[in-house]
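In: here is a sequence with its predicted model. Questions after.
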Amino acid sequence: MSYPKKVELPLTNCNQINLTKHKLLVLYEDMLLGRNFEDMCAQMYYKGKMFGFVHLYNGQEAVSTGVIKLLDSKDYVCSTYRDHVHALSKGVPSQNVMAELFGKETGCSRGRGGSMHIFSAPHNFLGGFAFIAEGIPVATGAAFQSIYRQQVLKEPGELRVTACFFGDGTTNNGQFFECLNMAVLWKLPIIFVVENNQWAIGMAHHRSSSIPEIHKKAEAFGLPGIEVDGMDVLAVRQVAEKAVERARQGQGPTLIEALTYRFRGHSLADPDELRSRQEKEAWVARDPIKKLKKHILDNQIASSDELNDIQSSVKIDLEQSVEFAMSSPEPNISELKRYLFADN
Amino acid sequence: MSKVFMFDALRAATDEEMEKDLTVCVIGEDVGHYGGSYKVTKDLHSKYGDLRVLDTPIAENSFTGMAIGAAITGLRPIVEGMNMSFLLLAFNQISNNAGMLRYTSGGNFTLPLVIRGPGGVGRQLGAEHSQRLEAYFQAIPGLKIVACSTPYNAKGLLKSAIRDNNPVVFFEHVLLYNLQEEIPEDEYLIPLDKAEVVRKGKDITILTYSRMRHHVTEALPLLLNDGYDPEVLDLISLKPLDIDSISVSVKKTHRVLIVEECMKTAGIGAELIAQINEHLFDELDAPVVRLSSQDIPTPYNGSLEQATVIQPHQIIDAVKNIVNSSKTITT
């Protein structure tokens, strides 16, 4: 194998990446959109506008943005129950995600899915999978379809890449190992992105995994396993760039372990009593959005006015999304059974 | 017309559909080089290549999920369960994703997917390989469930299942693969949702499916000899049930016997009785009777196994009892 067995941590030397101002601002805006969207969800949830289990992504934005903003529209993204922000990064309009959370007909899943079941076929956003690990085989199938499309259907163009996101708790589930095996066997163009936020609800990662360094598990299956600082969007992007390239070229899958942290509880229903204050404060101090902002300002890539403008436009976008969701119609009861079967 | 085994009819259906449509592929354990545990995919890998006839590791839940991912992104996979019993290990993917994903996504995705393989009680295969899963799967929303029973219907039904834009769980019976029958050489399709009238009659409607259809036909000569004239319907579609065809028959005979291989509790027959009550109660001259297999794990011992599933003599007795007892009421 040509990849390094161990990547030195932290991979945070942002200056190594020569990104244009435009690209940096796209990353900044995407992270801000993710953060503000989730904050808005919390508000709406407490106002009784959205229901059920709502899992927020605050703190982990660098992972979604760092990976997904590298992908093309034809590429695929597969997520978990903590899926709003992955969908936003993939380009699903915030108004349709918001409307879904409000249970409205204009939601991206027509109000049938809810927070944990965000889907959008036009954006190749595969879901929205609420059980641990069940999205991994589905993502693996999308990646299988990519090589099938090229080799059997002889479709021209580059391989479509699938990015499959899941958490540290998932890596103790059999479907994770089974799919690593199959993805390497068939050299599938897939990136397994572990968002290691250290906690599976109340189960600390080190209490549930015999080898807590998840990236090391890749070696047993013969794929590169790379650990990266998941609080640094540029570091995530740097690692993901290689993984996307590798997948695109037909060289097979990569496992990325992004070390990150959720700033809120597991869901809005979680009292979050087990994580210590010191632990939370240490991670909040490493806020990925503040980090990128500092990078942009310190290197005079953009002015604080420009960044404020982005913040304002994100805020307006979200206010309009809430307005859209509020004013959208409820699904029609007469269509209760619609979508159960497809027409032939 | 040519005489073919059922496994060959299923193979021909797969072959024809793969030839016609490049997106059709087979995924499962030993479907490629080995040719399938019952040779339904024999030699297809040499014709279509390893990618279209994909041998998978033994990881049922994951390769079923993989087929689902391929289906929602444009392929038409056929998953073979080496033995349908193994798909208990894929229950989550079959239920949450094959069955529910289209609805949960608000119609974002379609799932043209067939999950097929040998089911039913075989010959002394022991409990785990002799399961009756049709009843387990029937509660899952979004699935169609089909059971073939002859080489002729196996071919036409499998072709329809492959062309269907919805997930179809397709039961073949482990003891029927070597049935032989003349089938047309020209292409034909059979609708997935229509029961098959095996024999027309007027005294009683026998509702059955899969291997039990053959136990019913085995019982027929003695019944006819004794002056009974049963109508036999092979359900074909276990979900949804073809209540229209059942109605036509029950309105003629006014008596129903269900002969099924699944267990009695919460079986296909239980659902049939409920639907007959809902739709046809006033047509009945006698309570609906069901002959089901026992509510026990299938035992290994040959005699015990036989006693677990319904035998032809039980069908004969039941038909006579129902017809005779309800005759005294109506005359």
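Out: Looks like it arrived, so ask away. Please read these numbers as outputs of a predicted model, since none were measured by experiment.
In: got a pLDDT number for the closest residue to chain A within the stretch 101-250 of chain B?
Out: For the stretch 101-250 of chain B and chain A, the shortest gap (Cβ to the nearest Cβ) falls at B:Gly106, measuring 2.9 Å. Backbone N, C-alpha and C define where each C-beta goes, glycine included. For B:Gly106, the model assigns a pLDDT of 98.
In: with B:His279 instead?
Out: 97.
In: where does pLDDT dip in the stretch 1-150 of chain A?
Out: Residues of the stretch 1-150 of chain A meeting the criterion pLDDT under 70: A:1-17.
In: contact residues of the stretch 101-250 of chain B facing chain A?
Out: B:101-111, B:141-142, B:144, B:163-166 (Cβ under 8 Å from any Cβ of the partner chain).
In: which of these fall in helices?
Out: The members of these that map onto helices under DSSP state H are B:101-104, B:163.
In: now residue 301, nearest residue through space, not along the chain?
Out: Picked chain A for this. A:Lys21 (5.3 Å; Cβ to Cβ, 6 or more residues apart in numbering or on different chains).
In: my bad, chain B
Out: Nearest residue to B:Asn301 in three dimensions, chain neighbours excluded: B:Gln124, at 7.7 Å (Cβ to Cβ, 6+ apart).
In: let me know how buried the one you found is, in neighbour terms.
Out: 15 (other Cβ atoms under 10 Å in any protein chain shown).
In: from the contact counts, what lies against the one helix or strand B:Glu172 maps to?
Out: Per DSSP states H and E: B:Glu172 is located in strand B:168-173. Applying 3 or more Cβ pairs under 8 Å, 6 or more residues apart in numbering or on different chains; DSSP states H and E, we find strand B:168-173 packed against strand B:114-119, helix B:134-137, strand B:144-147, helix B:151-163.
In: other residues contacting the helix or strand following that strand?
Out: The C-terminal neighbour of strand B:168-173 among helices and strands, as given by DSSP H and E, is strand B:180-183. The list of residues contacting strand B:180-183 from outside it, by Cβ atoms under 8 Å, 6 or more residues apart in numbering or on different chains, reads B:1-6, B:9, B:150-152, B:155.
In: dump the residues you listed to TSV, plus neighbour count and pLDDT.
Out: Compiled in TSV, the contacts of strand B:180-183 are given as follows (neighbours: other Cβ atoms under 10 Å in any protein chain shown; pLDDT from 0 to 100):
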residue	neighbour count	pLDDT
B:Met1	9	80
B:Ser2	10	84
B:Lys3	10	94
B:Val4	21	97
B:Phe5	18	98
B:Met6	26	98
B:Ala9	26	98
B:Thr150	21	98
B:Pro151	25	98
B:Tyr152	20	98
B:Lys155	28	98
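In: next up, phi/psi of the residue nearest to A:Ile301, please.
Out: Torsion angles at A:Lys21 (phi, psi; degrees, to the nearest 10) stand at phi -60, psi -40.
In: centre of the chain versus the longest helix seen in chain B, how much separation?
Out: Ordering each helix of chain B by length in residues (DSSP H) puts helix B:312-330 first. Distance of helix B:312-330 from the chain centroid (Cα atoms, centre = their mean, to the nearest Å) equals 27 Å.
In: list the buried residues of that helix.
Out: Buried residues in helix B:312-330, counting neighbours by 16 or more other Cβ atoms under 10 Å in any protein chain shown, are found at B:312, B:315-316, B:318-320, B:322-323, B:326.
In: I'd like to know which of those is nearest to chain A.
Out: B:Ile315 (34.3 Å).
In: ok, now which ones touch the residue lying closest to the closest one once chain neighbours are set aside?
Out: Spatially, and ignoring its direct neighbours in sequence, B:Ile315 is nearest to B:Ala219 (4.2 Å; Cβ to Cβ, 6+ apart). With contact set as Cβ under 8 Å, 6+ apart, B:Ala219 has these partners: B:312-313, B:315-316, B:319.
In: and which of those residues is nearest A:Glu105?
Out: Comparing the contacts of B:Ala219 against A:Glu105 with Cβ to Cβ picks out B:Ile315 as the nearest, at 51.4 Å.
In: quick one: residues contacting that closest one.
Out: B:206, B:215-216, B:219, B:257, B:259, B:291.
In: one step back: which of the three states applies to the residue nearest to B:Asn301?
Out: Of the three states, B:Gln124 takes coil under DSSP: H, G, I helix; E, B strand; the rest coil.
In: same check on A:Val63?
Out: Of the three states, A:Val63 takes helix according to three-state DSSP.
In: the strands in the stretch 1-150 of chain A, which residues?
Out: For the stretch 1-150 of chain A, the strands defined by DSSP state E, counting those that start in this stretch cover A:76-78.
In: write out the residues of it neighbouring chain B.
Out: Neighbours of chain B within the stretch 1-150 of chain A, by Cβ under 8 Å from any Cβ: A:76, A:78, A:107-113, A:117, A:119-121, A:124, A:126-131, A:134, A:136-145, A:147-149.
In: make TSV from the buried residues of helix B:312-330 and add pLDDT to it.
Out: Output for the buried residues of helix B:312-330, formatted as TSV (pLDDT from 0 to 100):
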residue	pLDDT
B:Pro312	98
B:Ile315	98
B:Ile316	98
B:Ala318	98
B:Val319	98
B:Lys320	98
B:Ile322	98
B:Val323	97
B:Ser326	86
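In: re earlier: from the contacts of B:Ala219, pick the one nearest B:Tyr228.
Out: Nearest to B:Tyr228, judged by Cβ to Cβ, of those is B:Val319 at 5.8 Å.
In: wait, the closest one sits on B:Leu257?
Out: Yes. Using Cβ atoms under 8 Å, B:Val319 makes contact with B:Leu257 at a distance of 6.0 Å.
In: quick check: neighbours shared by these two?
Out: B:204, B:206, B:230.
In: about what we covered before: the residue nearest to A:Ile301 is in contact with A:Gln300, isn't it?
Out: No. Using Cβ under 8 Å, A:Lys21 makes no contact with A:Gln300, being 10.1 Å away.
In: who has more neighbours, these two?
Out: It is A:Lys21, of A:Lys21 and A:Gln300, that has more neighbours when counted by other Cβ under 10 Å, with 12 against 7.
In: how near is that one to A:Glu241?
Out: 18 Å (Cβ to Cβ, to the nearest Å).
In: so B:Ile94, which of the three states?
Out: Quick answer, by three-state DSSP: B:Ile94 is helix.
In: test my guess that it contacts B:Ile140.
Out: Yes. If you go by Cβ under 8 Å, B:Ile94 and B:Ile140 touch, sitting 6.9 Å apart.
In: give me the more crowded residue out of the two.
Out: Legend: neighbour count by other Cβ under 10 Å for B:Ile94 and B:Ile140, higher for B:Ile94 (29 against 18).
In: in the helix or strand harbouring B:Asp244, which residues are buried?
Out: Secondary structure from DSSP H and E places B:Asp244 in helix B:243-253. Residues of helix B:243-253 classed as buried: B:243, B:245-247, B:249-250, B:253 (neighbour count, 16+ other Cβ under 10 Å).
In: format those residues as TSV; extra columns: pLDDT.
Out: Output for these, formatted as TSV (pLDDT from 0 to 100):
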residue	pLDDT
B:Ile243	98
B:Ser245	98
B:Ile246	98
B:Ser247	98
B:Ser249	98
B:Val250	98
B:Thr253	98
